[in-house]
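**Student:** here is the input, now give the coordinates:
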Amino acid sequence: MEAAGLFAAGMSPPQVARKLRVSRKSAYVWHKAWRTAGAQALASKGPGGQRCRLSDAQVEQLEAALDAGPAV
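**Tutor:** Numbers count the residues shown, from 1 in each chain. Now for the predicted structure:
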């Protein structure tokens, strides 16, 4: 949403990319979406990728293993 404000203020996609520390490609994609559908087009759609296939119990086991740190 910050990008939408910067575009509205007259910043170019390369300037927005530098300011927000993203690739120029991302800034140009955002700019096109903003011009086409406005700021709501830049709203997050949530995490990408597939849904987690682990059960709740498996997720808990994984979290416990990660919290325990590396094996000695």
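**Student:** from here on, contacts and neighbour counts on C-alpha atoms
**Tutor:** Will do.
**Student:** look at Cys52 and give its secondary structure.
**Tutor:** On the three-state scheme (DSSP: H, G, I helix; E, B strand; the rest coil), Cys52 is labelled coil.
**Student:** for it, the count of nearby residues, please.
**Tutor:** 8 (other Cα atoms under 10 Å).
**Student:** any idea how far it lies from Val59?
**Tutor:** 9 Å (Cα to Cα, to the nearest Å).
**Student:** and what of Gln15?
**Tutor:** Between Gln15 and Val59 the computed distance is 41 Å (Cα to Cα).
**Student:** quick one: Met1 from Gly10, how far?
**Tutor:** As it turns out, when the distance is counted by Cα to Cα, Met1 lies 15 Å from Gly10.
**Student:** count of residues packed around Asp67?
**Tutor:** With neighbours defined by other Cα under 10 Å, the count for Asp67 comes to 9.
**Student:** now do the SS call for it.
**Tutor:** Assignment for Asp67 (three-state DSSP): helix.
**Student:** try Ser44
**Tutor:** Classified using three-state DSSP, Ser44 is coil.
**Student:** what's the local residue count around it?
**Tutor:** Counted by other Cα under 10 Å, the residues lying close to Ser44 total 8.
**Student:** got it, and Tyr28?
**Tutor:** By the other Cα under 10 Å criterion, the neighbourhood of Tyr28 contains 16 residues.
**Student:** which residues touch it?
**Tutor:** Applying Cα atoms under 8 Å, 6 or more residues apart in numbering, we find Tyr28 in contact with Pro13, Pro14.
**Student:** so what pLDDT did it get?
**Tutor:** In the prediction, the pLDDT value recorded for Tyr28 is 97.
**Student:** could you say which helix or strand holds it?
**Tutor:** Tyr28 is located in helix 24-37, with elements delineated by DSSP states H and E.
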